[in-house]
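>>> Okay, sequence plus prediction incoming.
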Amino acid sequence: MSFAIRSVLGDSLYQLFSRNGLILVTSMFFVNLIFQIGLSSLFIDMWREFWPEFVETYPEFEELFGDPEALYPLAIDMPSSLALAIVVVAILLMLIVLAVSIRVFYARDEDTIRTELIFDNIAWVTVNLFVGMVIFGILWFVGLLLLIIPGIFIYVSLIYFIAVVSVEDRSFIDGFSRSWALVRGLRFKVFLLFLSVFLISLVAAISFAMVTSIVHFVSPMAGTVLDQLWDSLITLYFAAVIAISYRALTEPVASPDEPAEETPEDLGYTDQDAHW
């Protein structure tokens, strides 16, 4: 099947600001805060160890960067090992929230989040999302280096692996294969969809930055917290777009007398799916 770009964008926005969407945004927001605290603390601890010696050798960088501690207002004085552990845990939690978000948006649950959408095979899904994203990122980066177009092709062809892993509990390898098959003949339309998401996010980010720049000036910590809220909104909107467009791509055509089922369990991947 295919999808209408305007419908996907509008439905994604609606799902984002539904009760469940706001709960998921809040969850991602707190996870982002934890990640930022750990990352900032790690950077500051490394800075305190290496920065004095570095600026002694290259004094021009001290004037260029100023006080690095001012760039990381959420940093807490802690050992690097603890800060690194917080970063790793936060990344895993981000993947869990992302997977649950795609499941919820795919299922169109607006008022309650069913426990099976949170806990079913979530460890398996998280590991496969992590490994898959690392491989996806490497392939995408290499593609961008090859005159950009191959990178766009890879992105469009493989991006739905995130939904395949999250919704169908499949491995990232199956996810890549399934995504490649799903977008066959639809790559340009998928490209236009995510280009639209990028442009919408860019315009919204510029507007948001005009407000947060004032907050950053008054309180760098408050400004950084608002940045995490923005990152959470964009991440969850992206998740909603993937889930809803994936649903449109995979749901079978309903006959006049027998409407198609809409549960995630009805979308098991078979060899026949590769010809869709």
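Sure thing, it's come through.

>>> residues making contact with stretch 5-23?
With contacts defined as CB atoms under 8 Å, 6 or more residues apart in numbering, stretch 5-23 is touched by 25, 104-105, 108-113, 189, 192-193, 196-197, 200, 233, 236-237, 240-241, 243-245, 248. Glycine gets a C-beta too; all of them are placed from N, C-alpha and C.

>>> ignore the last one, stretch 125-139
Residues outside stretch 125-139 that contact it (CB under 8 Å, 6+ apart) are 91-92, 95-96, 98-99, 154, 158-159, 161-162, 165-166, 169-172, 175-176.

>>> buried set for that stretch?
Of all the residues in stretch 125-139, those buried under the rule 16 or more other CB atoms under 10 Å are Val125, Thr126, Asn128, Leu129, Gly132, Met133, Phe136, Leu139.

>>> how about His216, what does it touch?
Ala222, Gly223, Thr224.

>>> Tell me how many other residues surround Ile200.
Number of residues near Ile200 (other CB atoms under 10 Å) recorded here: 16.

>>> helix or strand right after the least confident helix or strand in the chain by mean pLDDT?
Taking mean pLDDT, DSSP states H and E as the measure, the helix or strand of the chain with the lowest value is helix 60-65, at a mean of 62. Once helix 60-65 ends, the next helix or strand along the chain (criterion: DSSP states H and E) is helix 80-107.

>>> Summarise which helices and strands the next helix or strand after that next one is packed against.
The helix or strand immediately downstream of helix 80-107 is helix 115-119, counting by DSSP H and E. Here helix 115-119 touches helix 80-107, going by 3 or more CB pairs under 8 Å, 6 or more residues apart in numbering; DSSP states H and E.

>>> buried stuff in the helix it packs on?
83, 86-87, 90-107.

>>> before we move on, what about stretch 221-240?
Applying a neighbour-count criterion of 16+ other CB under 10 Å, one finds 223-230, 232-240 buried in stretch 221-240.

>>> next one: stretch 70-81
Tyr72, Pro73, Leu74, Ala75, Met78.

>>> Widest-spaced pair of those?
By the measure CB to CB, Pro73 and Met78 form the most distant pair in those, at 15.2 Å.

>>> Out of the contacts of His216, the closest to Ile118 would be?
Within those, distances to Ile118 taken as CB to CB reach their minimum at Thr224, with 28.7 Å.

>>> what residues are up against the closest one?
Taking CB under 8 Å, 6+ apart, we find Thr224 in contact with Gln36, Pro73, Leu74, His216.

>>> check contacts around the third one.
Shown in contact with Leu74 (CB under 8 Å, 6+ apart): Leu33, Gln36, Ile37, Ser40, Ser41, Met221, Thr224, Val225.

>>> Among these, which are located in strands?
Assignment to strands by DSSP state E places none of the contacts of Leu74 there.

>>> Now compare the residues you listed and name the two farthest from each other.
Taking CB to CB, no two of those sit farther apart than Ser41 and Val225, at 15.6 Å.

>>> which residue sits closest to the residue most central in space within the chain in space, ignoring its chain neighbours?
Among the residues of the chain, the one closest to the centroid is Thr235, at 4.5 Å (CA atoms, centre = their mean). Sequence neighbours aside, Met28 is the residue nearest to Thr235 in space, at 5.9 Å (criterion: CB to CB, 6 or more residues apart in numbering).
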